[in-house]
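1. I would like the atomic coordinates for the input below:
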Amino acid sequence: GQARRERAARPRRGRDAEALVEISLEDAFHGTTRSIQLGERRIEAKIPPGARTGTRVRLSGQGSPGSNDGPAGDLYLVVQVAPHPLFERDGDDLTTVVPVDLYTAATGGDVRVPTLGGTVRLKIPPRTQADRTFRLKGKGMPRLERPSEYGNLFARVKLVLPEPLSDA
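-> I've put the predicted structure just below:
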């Protein structure tokens with residue numbers, strides 16, 4: 001009986017909790033802060049740059065309270081990155097489609113390519129075929145483990161007719 005009472009009186013750590021957090025691809029690129037409401041508590045949580053769907057962010061001591069003065073459990077935020085209209089993500093690499101008019105594809109020239117860090121210029125060589133893919137090194141997502149390093153952006157050429165098209 002005595003041992004059972006001593007065991008029951010020991011401090012016990014609280015349970016861990018989990019919450020789903022949806023962010024945009026831009027938020028995943030730059031990193032963001034989310035405000036989480038847990039009952040009466042409001043918690044500010046930092047989502048690091050490079051977070052991807054399934055990334056778990058641990059908030060120590062923000063889970064369920066412990067019993068008998070035991071420590072609180074942890075709160076784990078599970079990140080869900082929303083789809084983006086311009087970019088597809090594969091790990092730290094991004095892919096986008098770049099419209100190129102027939103004249104530029106035939107003779108060469110520059111096109112503007114959107115990136116999450118701003119627009120860049122891509123030199124299109126003469127006689128570029130449809131669906132050719134160009135790699136823009138370091139223009140993808142930041143690496144979660146090393147945010148100073150970036151993945152690649154793959155720009156796939158889509159040939160388009162000029163608007164309006166005249167007989168000339």
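2. The chain: helices as residue ranges?
-> 2-9, 25-30, 102-107 (DSSP state H).
3. helices and strands around the second one, which ones?
-> In this case it means helix 25-30. strand 75-81 (3 or more C-beta pairs under 8 Å, 6 or more residues apart in numbering; DSSP states H and E). C-beta coordinates here come from the backbone N, C-alpha and C atoms, glycine included.
4. By mean pLDDT, show me the worst of the helices of the chain.
-> Ranked by mean pLDDT, those end with helix 2-9 at the bottom, a mean of 59.
5. who touches the one residue sitting closest to the centre of the chain in this structure?
-> By C-alpha atoms, centre = their mean, the chain has its centre lying nearest to Ala28, at 3.1 Å. Counting by C-beta atoms under 8 Å, 6 or more residues apart in numbering, Ala28 touches Ile47, Pro49, Gly50, Ala51, Arg52, Val79, Val81, Met141.
6. Please spell out the PyMOL selection for the buried subset of those residues.
-> The PyMOL command for the buried members of the contacts of Ala28 (criterion: 16 or more other C-beta atoms under 10 Å) is given here:
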select buried, resi 47+49+50+51+79+81+141
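7. Just give me the closest of the contacts of Ala28 to Ala130.
-> Of all the contacts of Ala28, Met141 has the smallest distance to Ala130: 26.6 Å, by C-beta to C-beta.
8. Would you mind measuring from that closest one to Gln80?
-> 16 Å (C-beta to C-beta, to the nearest Å).
9. Restrict stretch 36-44 to CA atoms and write it as PDB.
-> C-alpha atoms of stretch 36-44 as PDB (Å, rounded to 0.1, in the frame of the first residue of the first chain):
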ATOM      1  CA  ILE A  36      -2.000  29.100 -32.000                       C
ATOM      2  CA  GLN A  37      -5.000  29.200 -29.600                       C
ATOM      3  CA  LEU A  38      -5.000  26.300 -27.100                       C
ATOM      4  CA  GLY A  39      -7.900  26.700 -24.800                       C
ATOM      5  CA  GLU A  40      -7.200  29.900 -22.800                       C
ATOM      6  CA  ARG A  41      -3.600  30.100 -24.000                       C
ATOM      7  CA  ARG A  42      -2.300  31.900 -27.100                       C
ATOM      8  CA  ILE A  43       1.100  30.600 -28.400                       C
ATOM      9  CA  GLU A  44       3.400  32.300 -31.000                       C
END
